[in-house]
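Engineer: no sequence on this one, just coordinates:
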């Protein structure tokens, strides 16, 4: 009788121990499943892009516009000046407008035309951003983030406001994000020809206005 009860007690303890082991294994098994990747939300995408801009990275957007008084205004405000272009022997063969030290503080580069048409300026901000849409990228674990940028006029330096028209300082672009572990990282910008065609019946993506350069 005692032997039987003792055996039953041992069996009960073994069964309980086995159940505990099975439960622990099940819990470990559930815990080993990787969590799903986080969603890339418009605020998160905008924050990642503006973080790069704040470090003077990926913040150079080129705008092209017409203005009859831009050249004279910039010279008068000491933003750029006319300089001679010389060959290796020092002979002058052309002239062009070059940024002064003061001008270099507000824009990255210029290509100004005496005709007043087709001026090109490479901006450096400060910008505002509005994310318009997020879609799956062409490769796995990538996202395309369509956004509109424009100069933050309230924070722009007075020298920028003095000569460059506000209504020309905006554009649309698409940023490529890639999932790195559990974090979405902003890689670069997409050219319009790199964008996938929209699904049947869907509106086409907004054209890129102002060419972004990843410096």
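Structural biologist: Yep, that arrived. On a predicted model such as this, the values are computed, not experimentally measured, just so you know.

Engineer: going forward, measure contacts between C-alpha atoms and count neighbours the same way
Structural biologist: Will do.

Engineer: And residue 90, how far from residue 154?
Structural biologist: For residue 90, the distance to residue 154 (Cα to Cα, to the nearest Å) stands at 44 Å.

Engineer: Any regions of the protein where pLDDT drops low?
Structural biologist: Low-confidence segments of the chain (pLDDT under 70): 1-32, 92, 192-215.

Engineer: again, 80 this time
Structural biologist: 1-35, 37, 86-93, 192-215 (pLDDT under 80).

Engineer: Find the centremost residue of it, please.
Structural biologist: Residue closest to the average C-alpha location in the chain (Cα atoms, centre = their mean): residue 49, at 3.8 Å.

Engineer: Doesn't that residue lie inside a helix?
Structural biologist: Yes. Checked against DSSP: H, G, I helix; E, B strand; the rest coil, residue 49 lies within a helix.

Engineer: If we ignore the residues flanking it in sequence, what's nearest it?
Structural biologist: The spatial neighbour of residue 49 that comes closest, neighbours along the chain excluded (Cα to Cα, 6 or more residues apart in numbering), is residue 186 at 6.7 Å.

Engineer: Residue 107 now?
Structural biologist: The shortest distance from residue 107 to any non-neighbouring residue, by Cα to Cα, 6+ apart, is to residue 123 (4.8 Å).

Engineer: give me phi/psi at the one you found?
Structural biologist: Main-chain torsions, residue 123, degrees, to the nearest 10: phi -80, psi 170.

Engineer: Check the one 3 residues further on too.
Structural biologist: Phi and psi for residue 126, reported as degrees, to the nearest 10, are phi -70, psi 150.

Engineer: got the contact list for it?
Structural biologist: Contacts here follow Cα atoms under 8 Å, 6 or more residues apart in numbering; on that basis residue 126 touches 151-152, 155-156.

Engineer: Then residue 150?
Structural biologist: Neighbouring residues of residue 150 by Cα under 8 Å, 6+ apart: 127-129, 169-171.

Engineer: farthest pair in the residues you listed?
Structural biologist: Pairwise distances across the contacts of residue 150 peak at 12.4 Å for 129 and 169 (criterion: Cα to Cα).

Engineer: ok, these two, which is more surrounded?
Structural biologist: Here residue 129 and residue 169 are compared on neighbour count by other Cα atoms under 10 Å; more neighbours surround residue 169, at 23 against 17.
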